[in-house]
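*Asks:* coordinates for the following, if possible.
(4 chains, ligands or ions: 4)
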Amino acid sequence: MPTMNIIQAVNSALRIQMAREPKAVILGEDVGKFGGVFRATSGLYDEFGEDRVIDTPLAEAGIIGTAIGMAVYGMRPIPEIQFSDFIFPAFDQIVNEMAKFRYRSGGQYPCPVVIRTPVGGGIRGGHYHSQSPEALFIHTPGLKVVLPSNPYDAKGLLLSCLQQDDPVLFMEPKKIYRASRGEVPDEAYTVELGKAKIVREGEQVTLIGYGAMVSIMEEAAIKAEEIGISCEVIDLRTLLPFDLETLVESVNKTGRAVVVHEAPKTCGFGAELASSLYERCLGVLEAPIERVAGFDTPFPYSLEHEYMPNADRVIGAIRKTLEW
Amino acid sequence: MPTMNIIQAVNSALRIQMAREPKAVILGEDVGKFGGVFRATSGLYDEFGEDRVIDTPLAEAGIIGTAIGMAVYGMRPIPEIQFSDFIFPAFDQIVNEMAKFRYRSGGQYPCPVVIRTPVGGGIRGGHYHSQSPEALFIHTPGLKVVLPSNPYDAKGLLLSCLQQDDPVLFMEPKKIYRASRGEVPDEAYTVELGKAKIVREGEQVTLIGYGAMVSIMEEAAIKAEEIGISCEVIDLRTLLPFDLETLVESVNKTGRAVVVHEAPKTCGFGAELASSLYERCLGVLEAPIERVAGFDTPFPYSLEHEYMPNADRVIGAIRKTLEW
Amino acid sequence: MVAIQVPDNLRRVLDVDGKIVPGARVPTIAEEELVRIYETMRSVRLVDERMMRIQRQGKLAFYMKSTGEEATHMSVVPLRKDDWIYPSYREQGAWFWRGYSLEDFLNQHFGNSKDVTKGRQMPVHHSANWLNMVSISSPVGTQIPQAVGTAMGMKISGTDQVAMTFFGEGTSSMGDFHVGMNFAGVTKAPVIFIIRNNGWAISVPLEKQTAAQSFASKAVGYGMPGVRVDGNDVLAVIQVAAEAAERARAGLGPTLIEAVTYRVEGHSSSDDPSVYRNPAEPAAWGPRDPLTRMSLYLKGRDLWSDDIETTLLEKVNDEFSHYLKLAEDLGAPDIETLFEDVFDEMPWHLQEQRKYLLAQARTKNPHIHN
Amino acid sequence: MVAIQVPDNLRRVLDVDGKIVPGARVPTIAEEELVRIYETMRSVRLVDERMMRIQRQGKLAFYMKSTGEEATHMSVVPLRKDDWIYPSYREQGAWFWRGYSLEDFLNQHFGNSKDVTKGRQMPVHHSANWLNMVSISSPVGTQIPQAVGTAMGMKISGTDQVAMTFFGEGTSSMGDFHVGMNFAGVTKAPVIFIIRNNGWAISVPLEKQTAAQSFASKAVGYGMPGVRVDGNDVLAVIQVAAEAAERARAGLGPTLIEAVTYRVEGHSSSDDPSVYRNPAEPAAWGPRDPLTRMSLYLKGRDLWSDDIETTLLEKVNDEFSHYLKLAEDLGAPDIETLFEDVFDEMPWHLQEQRKYLLAQARTKNPHIHN
Ligand SMILES: Cc1ncc(C[n+]2csc(CCOP(=O)(O)OP(=O)(O)O)c2C)c(N)n1
Ligand SMILES: Cc1ncc(C[n+]2csc(CCOP(=O)(O)OP(=O)(O)O)c2C)c(N)n1
Ligand SMILES: [Mg+2]
Ligand SMILES: [Mg+2]
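*Replies:* Numbering: from 1, shown residues only, chains lettered A, B, ... in the order given. Ligands and ions are numbered 1, 2, ... in the order given. Presented below is the predicted three-dimensional model:
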């Protein structure tokens, strides 16, 4: 099996979809000849032509607005937003239109747009190339939100998204775009939406996260093991609908949980995960669920490493749950 | 003391600010001659002239974008967004610009814009005249978020917002714009930002909410009392920074909490309030914190009453915390 | 501050007396179609009045009349059945012309159990996929890039379909107008933009909306033709729309049409124009009424008479009363429908919430034990 | 697919040989100022090269050159100190002209403890309130309505100040361009819009950006004058900016200026234009270099020589090296600064987070007990 990084895995999924689905269209800024600023659409312009791999004018509202119009007409648009920090000019089209199209038409007009966008910090991008706005979309009824942590899942999840009939925000962890490598089949396969993955089994504390935070959690779990603490690590993969069942099962076993994300803590997805878990597991919880998250400041530049969650901070939280 | 409704209280605060602060400017759609579609700016155009009460072209991004430019230049703009459902075309200007201006300039450019916007359901407005997007803004570092529940607070909180130096989203509960009436001084006064108000003292369950939900909670508390359950009711008033101290004190006393909001449950502000409370009060909590919220669907039209939290639902939640 | 526009340089076919303007390009329309066009416009006027009346009686939460602007709706006449339309909220005639029934129309306004949109949206927000009429959305202007996307899809798919979208002159100030127009210009998408310039955006007159000479002139910035037409002259409206559709089908790209008309009434049932508008202004528009002009024209060709008109009004009135009664008597959609159509398949959290609500509905006013 | 524009109908003062074009309106500029203008442009060219070199050496995360576009920066020359500027990210010369020092410039790029923006933003995102230069933002186009707002504030306050904003031709496709232009037109705000049309938006050539004849023509849709100027002719750039500033100060409202230039290098240090652009294209722009033209002009007036140029380059080089060393040696801002300036006063939750981080920083790799 070939080894790929996340970019290559995404590229492979897109190529498969473009080849098998004549209604699939890629559109965005620099996705054509250039192949995208992160090169995720590399080669597709040459292979599928400028009608189906479209370099649009510089306007996110236009990219998503036209994608919606394509989707309700029956096409299968796959727009790219160059950085998720630049998704906000299209926010109205996403939350008021794309997310509500099926609902407001009484089911007459499904709107299967799959938006791809890189997310998160770690590339020295300052606050406009580092944000993690997933919570805003999880809070918006009508959207699915997916965020893989490795190449195999990236390809399988993306292919799943492309085969279903709902709008999806497919967020790609740009910090590990190239750093995360693994075996990925060349052919098509799917990874089921809505299912978390237990990355590492453990007994005492459940670590929950997604995207670039998964390897941070694994690192913390390994270090914790060295000092005799056994952690279970769960990669959510789909953020909405999220796999509460798997989380509950794990926390029922461990009695402790730490939730990790890069986005600011206040009103972040961690709050939802924690609240949902308390609602189901209060009786077994031995300590408050710890949230390791970005701080409630704009994403900084020079102090990026201080801002982002790291294994030490996760270990600190693990320890707190054990010492409570 | 005169009796006012919320619209009149807001109008009174605006008139005071416009009279005392020559740099204050009101701008928005229909805020001029018409006095706003809810009439909150009624009379101000005649009193302060079309230079300072500006009917803008129909573009929320322009309203907020120009307000930002005024604020960094030293003016005191008070833009109105006609419905908070229509705030999304300005979302980029709000979350990427207004919220980060002071931070990204290293403190050189404060951006004291106070955005007023009606929020919430209950007026038969369907999903585009009923949304409660507060969580999106609470999650955005750099914004203050305020949401009064009655005329006295509306005026006092708005005057506080207008006197400080940070950007604020001042949300007004349109369902009770006219229904909520009370004594309001004609002159200027302030209600402190960041302080919740204990609306009703009680012993067994703490009910936490804001805006139009406060009267729902009070109704539930009265009904609960009839059957022998004593509830404490807290009106948050400021959503960010929220008054966790007052909440913690109350929950330490009651051992139970119910959080109420109209916005969809998943990733709503209730999740943050609950998680924060668990983190401080896990030891005393007798039952999971209940979240009574809007459902995770777009806001409906015909089934509006089924959608919105009501006293029965709050009582159901109170009962759950007692029966756990 | 007076929004009456001198209707200069407007494309015109009929003068105010319903006579063909010398030299005008007259659309080719069969006689029975001419009659049907007038009937549709006339029916809209009547339906608008009855709707507003029932709104005033408290039976309806909200309504928006299109009085005086009925001719602009007829932009859809040159379109084919397989063309797509993205309306705004003030084109009742476009719906009826395409075949939307008074029954569907009333059911939507009541949001009842037979409303095809399942009571999900406010009054006047229709949706009919069997007519290729796309759901109306309240946030203004969002339909513009969407219509362009549909047109791009048509072009990519190699069809010769056309997309048309409507919006008010106020809406041209939105960012979405710009991005939609610009994408259309660059991609040469087969799309037709109809600006209903009715002079007002709620209380804001057009001169506070733009400093441009005309709304049609905005086409210059997008490299497409901009046409100004007398929006109260239905034959002229149809003619320019037909030319635009032909251009689009021939692969020549988009057209912007500014139909100059006037909002004779308030913005909606919630509005009170007397607060901000000189009442002399709507009065001055009376002689330009699109119905008068078209009926004079038809009468001149012996295609219409006052008797026929009376018969039409009676028929529509009866039909309206009939479907109104039916619509009123129907209840709201089932509670379960609240959770449908959020997604293709209902995820666990919505299933859970549905279960909760259904249980709650059954135990209303529950007996509480402490 | 070739982005070279035939520079027709461009306002011009200097021809490619640095001679005054017959009949041109020549700006009135004192000799020492003429020299300072050229010195600024020449310094930018040098600084850009050195910056890119240190970026390539891995000392800097990111950089964006403005090579070939230096003349457009000089649009700020006619402005007064109390006028305000909202730059985009490719107007280094505007900063230096206003008095931003090389020291500030380098400290910002290193985000060090002396960076006036406290290491908060990426390289090239300056901010200097003492110069009325507003913080650069990465999201393109957001500065456009903001500049209009500042200009509206100036007008409301009864000053005769002017606001100027810069952006690339690609950015004209954003909704914010439209709403900003439209607000300016309607309010007659004293604002000047400078479109740096350098032919490319990263990999997207201008003909995929708009179907309009020119970017200046977009002014029609907003009822303001649109001027096309040779953006590689610094005297022409200054002249049209001076005319626009005069108009604005006289209460006549905004002006759109399209400065036609060319992005000779890649978009940024992260870019590789060979993937998408014919290398013959930048080469063809060589003869139009704005520095060559201006230096020929100055030499023709005996205001400049190769010797003076050498001296200038040495001086700037030395200064650069000096401040580079200083900037490199400074560490990052204190950890505490992470939490400052989110709000005017730090609320409890940020105080709590600050405390946590400071404690965490002290207990790195903590010894863990189970
Ligand atoms: C984005 C957005 N902002 C504000 C509103 C509130 N609103 C509804 S209609 C309207 C005026 C629209 O005017 P115009 O486009 O001229 O259309 P008309 O009503 O005249 O047909 C406004 C401001 C809205 N629906 N959407
Ligand atoms: C809203 C937004 N979308 C996308 C980007 C990514 N981006 C940065 S610069 C750029 C191209 C800008 O082109 P242009 O406006 O012509 O300016 P130039 O770089 O040529 O000076 C893009 C797409 C961004 N910064 N902001
Ligand atoms: Mg209008
Ligand atoms: Mg450019």
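
*Asks:* for the residue of chain C found nearest chain D, which non-adjacent residue is closest in space?
*Replies:* Here the residue of chain C nearest chain D is residue C:175; by CB to the nearest CB that distance is 2.1 Å. Placement of C-beta: from N, CA and C, glycine included. Closest residue in space to residue C:175, ignoring its immediate chain neighbours: residue D:175 at 2.1 Å, by CB to CB, 6 or more residues apart in numbering or on different chains.

*Asks:* try residue A:263
*Replies:* residue A:132 (3.9 Å).

*Asks:* what's the spacing between that neighbour and residue B:272?
*Replies:* For residue A:132, the distance to residue B:272 equals 16 Å [CB to CB, to the nearest Å].

*Asks:* if we look at stretch A:173-192, which residues are touching it?
*Replies:* A:1-9, A:12, A:16, A:20, A:38, A:83, A:118-123, A:147-153, A:155-157, A:159-160, A:163, A:211-212, A:215, A:237 (CB atoms under 8 Å, 6 or more residues apart in numbering or on different chains).

*Asks:* return the residues in contact with the residue of chain C closest to chain D.
*Replies:* Contacts of residue C:175 by CB under 8 Å, 6+ apart are A:61, A:89, B:59, B:61, B:89, C:141, D:174-176, D:178-179.

*Asks:* can you tell me which of those residues are in helices?
*Replies:* A:61, B:61, D:175-176, D:178-179 (DSSP state H).

*Asks:* of all those, which comes closest to ligand 1?
*Replies:* Ligand 1 has its nearest neighbour among the ones in helices among the contacts of residue C:175 in residue B:61, at 9.6 Å by CB to the nearest ligand atom.

*Asks:* report how many residues lie close to that closest one.
*Replies:* 32 (other CB atoms under 10 Å in any protein chain shown).

*Asks:* again, but for residue C:22
*Replies:* With other CB under 10 Å as criterion, residue C:22 counts 6.

*Asks:* what strand or helix carries it?
*Replies:* Using DSSP states H and E, residue C:22 sits in no helix or strand.

*Asks:* how close does it get to chain B?
*Replies:* From residue C:22 across to chain B, the span is 38 Å (CB to the nearest CB, to the nearest Å).

*Asks:* list the residues that contact that residue.
*Replies:* Residue C:22 touches nothing, counting by CB under 8 Å, 6+ apart.

*Asks:* quick one, domains of chain A?
*Replies:* Domain assignment for chain A by automatic domain parsing gives A:3-183, A:197-323.

*Asks:* and of those domains, who's closest to residue D:263?
*Replies:* domain A:3-183 (14.1 Å; CB to CB).

*Asks:* my read is the residue nearest to residue A:263 is in a helix, agree?
*Replies:* No. Counting by DSSP: H, G, I helix; E, B strand; the rest coil, residue A:132 falls outside a helix, being coil.

*Asks:* and the pLDDT at the residue nearest the centre of chain C?
*Replies:* Closest residue to the average C-alpha location of chain C: residue C:91 at 1.8 Å, with CA atoms, centre = their mean. Per-residue pLDDT puts residue C:91 at 98.

*Asks:* same thing with the one 3 residues further on?
*Replies:* In this prediction, residue C:94 carries a pLDDT score of 98.

*Asks:* that one falls within a helix, correct?
*Replies:* Yes. Residue C:94 sits within a helix when classified using three-state DSSP.

*Asks:* show me what contacts it?
*Replies:* Residue C:94 neighbours (CB under 8 Å, 6+ apart): C:73-76, C:85, C:87, C:133, C:166.

*Asks:* now the residues you listed: which count as buried?
*Replies:* Buried members of the contacts of residue C:94, counted by 16 or more other CB atoms under 10 Å in any protein chain shown: C:73-76, C:85, C:87, C:133, C:166.

*Asks:* inside strands: which ones of these?
*Replies:* Taking DSSP state E, the ones among those that sit in strands are C:85, C:166.

*Asks:* let me have the buried ones among the contacts of residue C:94 in CSV, extended by pLDDT and distance to residue B:67.
*Replies:* Shown next, in CSV, are the buried ones among the contacts of residue C:94 (pLDDT from 0 to 100; distance: CB to CB, whole Å):
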residue, pLDDT, distance to residue B:67
C:73, 98, 37
C:74, 98, 41
C:75, 98, 37
C:76, 98, 39
C:85, 98, 36
C:87, 98, 32
C:133, 98, 37
C:166, 98, 30
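
*Asks:* greatest separation within the buried ones among the contacts of residue C:94: which pair is it?
*Replies:* C:74 and C:133 (14.8 Å).

*Asks:* re earlier: now the residue nearest to residue C:175: how far from residue D:143?
*Replies:* 14 Å.

*Asks:* that older thread, so which of the buried ones among the contacts of residue C:94 is the closest to residue C:156?
*Replies:* residue C:85 (19.5 Å).

*Asks:* what residues does the stretch 101-250 of chain C put near chain B?
*Replies:* C:111-112, C:115, C:118-122, C:125, C:137-140, C:170-171, C:173-176, C:201-204, C:208-210 (CB under 8 Å from any CB of the partner chain).

*Asks:* just the buried ones from these, in ChimeraX syntax?
*Replies:* ChimeraX command restricting those to the buried ones, with burial defined by 16+ other CB under 10 Å:
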select /C:111,112,115,118,119,120,121,122,125,137,138,139,140,170,171,173,174,175,176,201,202,203,204,208,209,210
